[in-house]
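fold the following, please.
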Amino acid sequence: MLLTHWLFGIVLLHGQRVEIGFTGGVPLTGFFEENRGYRSDTRRYTAGPSLEVTPRKHWSLETGVLYKRFNYDYLHSPGFRQPPIPYRRLERWTTGNSYEVPLVLKTRFRLGVPLVTGAGVALRRNSGVFETERVDVRGPFDLEPSTTITQTDHPEDLSRRTAAGAVFVLGYERRFRGVSVASELRFTRWDSPRAGGSLTSGTHSNIRFGQNQAELVVNVSYLALGPRKDPSPLVIPWRRFGLEAGILAGFSIIPVQTRPLYDSTYYSFHNPPVAGAAFVEIEVSRSWSIEGAGVVKRFGYETRSAGSNMPLDKLRGTIWEVPFLIKRRLDAWRGWSVMTGAGLAMRRQEGVGGRSGFGYAGAAGVARRIGPLRYRVEMRYHYWTRPMYTAYLEERGSSSHSLFAFFGIGYSARSHRH
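Sure, this is the predicted structure:
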């Protein structure tokens with residue numbers, strides 16, 4: 001039967017360009033959403049083989065397997081209790097493997113530089129799951145707790161083993177002598193964050209999968225079958241417009257405050273100290289442009305006891321922001337320009353119930369062009385109509401307002417301001 005499948009595949013691929021390669025990269029988002037009591041340490045690597053078939057000049061179909069390793073811990077403890085107060089402490093350590101199989105339809109085009117973009121579907125299967133649970137119990141008349149340790153490969157919190165999602169790819173590719181090297185940003189939106197429990201019984205797991213997944217990968221492939229001539233990319237007449245793409249890195253300006261809630265507990269809110277972004281800017285005229293960007297930030301809070309100043313609980317998550325700005329740029333002096341812009345923004349955060357939001361964006365800064373590169377310093381402000389946290393945990397001045405200083409670099413082969 002296996003030989004029949006191989007023969008059928010060879011017949012289908014006859015005359016097609018077939019490339020076999022390897023993909024490796026770094027996940028930019030967490031595998032799980034952290035919740036109360038749960039902690040996840042995302043392994044920052046993913047790797048696996050790839051197969052790409054090019055049936056048409058500008059189009060190709062890629063598949064493969066991407067491997068990830070995951071783990072999370074759970075702790076439920078009431079803190080130290082002196083006898084005769086009863087005491088129960090629960091700890092769980094869970095590990096496992098994840099295998100993703102994407103099927104992506106790609107197209108190659110030249111927009112000043114050789115680019116590749118694509119979309120498709122992906123399937124994910126979790127296997128090799130193993131959980132160790134430790135329970136310490138001390139009764140009212142016990143001096144020492146009794147310990148019970150159990151192990152299982154079917155934890156209830158992670159009973160859902162398969163998932164499906166949509167994949168989107170954008171990257172840069174170079175080809176030479178039958179070898180292709182592509183650097184890509186991949187985004188996957190999974191169908192559901194549910195990790196376990198039963199839909200029929202109404203039970204659910206407190207640990208949740210990250211529904212939005214982003215990763216930066218590098219693919220190296222070699223021509224195995226088909227013509228050796230590299231497929232020609234689709235050439236877009238980009239010179240009618242100026243196109244610039246680049247990256248930004250920044251830090252928060254708004255200070256973080258701590259205020260007491262009740263007499264014994266402090267909630268300490270953390271603005272994301274750093275942020276990263278990628279942007280694409282289309283210059284429609286000498287002074288006006290339209291920019292779209294994707295921004296990634298971290299956020300969280302922790303609770304502390306006012307008496308001992310010891311941390312009681314911590315919560316961390318990821319913020320995805322997508323601003324769209326209309327920008328006005330004025331040439332100043334010797335390659336320097338002054339920029340202002342305004343527009344709308346959308347936000348999605350994972351880690352506190354996956355709250356979404358809508359807001360307004362503004363930007364101002366200066367830029368310096370040297371050849372095809374533009375270096376920029378910008379201040380970006382966002383006002384969100386929905387607070388980051390629930391009304392109970394809202395911290396005024398840090399949940400609805402976001403002010404960041406960004407430093408960035410962009411590349412443009414040609415511009416209206418040349």
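
could you use CA atoms for every contact and neighbour count after this?
Will do.

look up how far Met346 lies from the nearest residue to Gly294 once chain neighbours are set aside.
With sequence-adjacent residues excluded and distances taken as Cα to Cα, 6 or more residues apart in numbering, Gly294 is closest to Val322, at 4.8 Å. Here the criterion is Cα to Cα, to the nearest Å. By it, Val322 lies 5 Å from Met346.

neighbours around the residue nearest to Gly294, how many?
Neighbourhood size, Val322 [other Cα atoms under 10 Å]: 19.

that one contacts Arg347, correct?
Yes - using Cα atoms under 8 Å, Val322 makes contact with Arg347 at a distance of 6.5 Å.

grab the nearest non-local neighbour of Thr42.
Nearest residue to Thr42, sequence neighbours excluded (Cα to Cα, 6+ apart): Gly30, at 5.6 Å.

give me the phi and psi for the one you found.
Dihedral pair for Gly30: phi -80, psi 150, per degrees, to the nearest 10.

what's the pLDDT at it?
Looking at Gly30, its pLDDT reads 79.

what sits against it?
Gly30 makes contacts with Ser40, Asp41, Thr42, Gly210, Gln213, as judged by Cα atoms under 8 Å, 6 or more residues apart in numbering.

now Glu131
Contacts of Glu131 (Cα under 8 Å, 6+ apart): Arg92, Trp93, Thr94, Thr95, Gln151, Thr152, Asp153, His154, Pro155.

rerun that using 10 Å as the cut-off
Going by Cα atoms under 10 Å, 6 or more residues apart in numbering, Glu131 touches 71-73, 92-96, 150-158.

likewise for Leu216?
Listed by Cα under 10 Å, 6+ apart, the contact partners of Leu216 are 24-28, 45-46, 169, 171, 183-187.

separation between it and Phe251?
Distance of Leu216 to Phe251, computed by Cα to Cα: 21 Å.

same check, this time on Trp320
Distance of Trp320 to Phe251, given as Cα to Cα: 15 Å.

in JSON lines: the contacts of Gly30, plus neighbour count and secondary structure.
Below are the contacts of Gly30 laid out as JSON lines (neighbours: other Cα atoms under 10 Å; DSSP: H, G, I helix; E, B strand; the rest coil):
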{"residue": "Ser40", "neighbour count": "19", "secondary structure": "strand"}
{"residue": "Asp41", "neighbour count": "13", "secondary structure": "coil"}
{"residue": "Thr42", "neighbour count": "17", "secondary structure": "coil"}
{"residue": "Gly210", "neighbour count": "23", "secondary structure": "coil"}
{"residue": "Gln213", "neighbour count": "19", "secondary structure": "strand"}
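
closest to Val284 out of these?
Nearest to Val284 among the contacts of Gly30 is Gln213, at 32.2 Å by Cα to Cα.

for the spatially closest residue to the closest one that is not a sequence neighbour, pull up the helix or strand it's in.
Closest residue in space to Gln213, ignoring its immediate chain neighbours: Thr188 at 5.0 Å, by Cα to Cα, 6+ apart. Using DSSP states H and E, Thr188 maps to strand 179-190.

and that strand, average pLDDT?
For strand 179-190, mean pLDDT rounds to 90.

now stretch 46-62: average pLDDT?
87.

strands of the stretch 201-350 of the chain, start to end?
Applying DSSP state E, counting those that start in this stretch to the stretch 201-350 of the chain gives strands spanning 203-204, 208-209, 212-225, 234-235, 242-252, 258-261, 265-270, 274-283, 288-305, 311-331, 336-350.

circling back: among the contacts of Glu131, which are in strands?
The members of the contacts of Glu131 that map onto strands under DSSP state E are Asn71, Tyr72, Asp73, Arg92, Trp93, Thr94, Thr95, Gly96, Thr150, Gln151, Thr152.

list the contacts for the first one?
Right, the one you point to is Asn71. Here Asn71 is in contact with 31-32, 39-43, 93-97, 129-131 (Cα under 10 Å, 6+ apart).

what separates the residue nearest to Pro323 when sequence neighbours are not counted from Ser287, distance-wise?
Counting by Cα to Cα, 6+ apart, Ala345 is the residue found nearest to Pro323 once chain neighbours are left out, at 4.0 Å. Distance, Ala345 to Ser287, using Cα to Cα: 22 Å.

for Gly359, same thing?
Gly359 is 25 Å from Ser287, by Cα to Cα.

so which of those two has more stuff around it?
Gly359 (18 against 14).

and for the nearest residue to that one once chain neighbours are set aside, the neighbour number?
Closest residue in space to Gly359, ignoring its immediate chain neighbours: Trp384 at 4.2 Å, by Cα to Cα, 6+ apart. Counted with other Cα under 10 Å, residues neighbouring Trp384 total 20.
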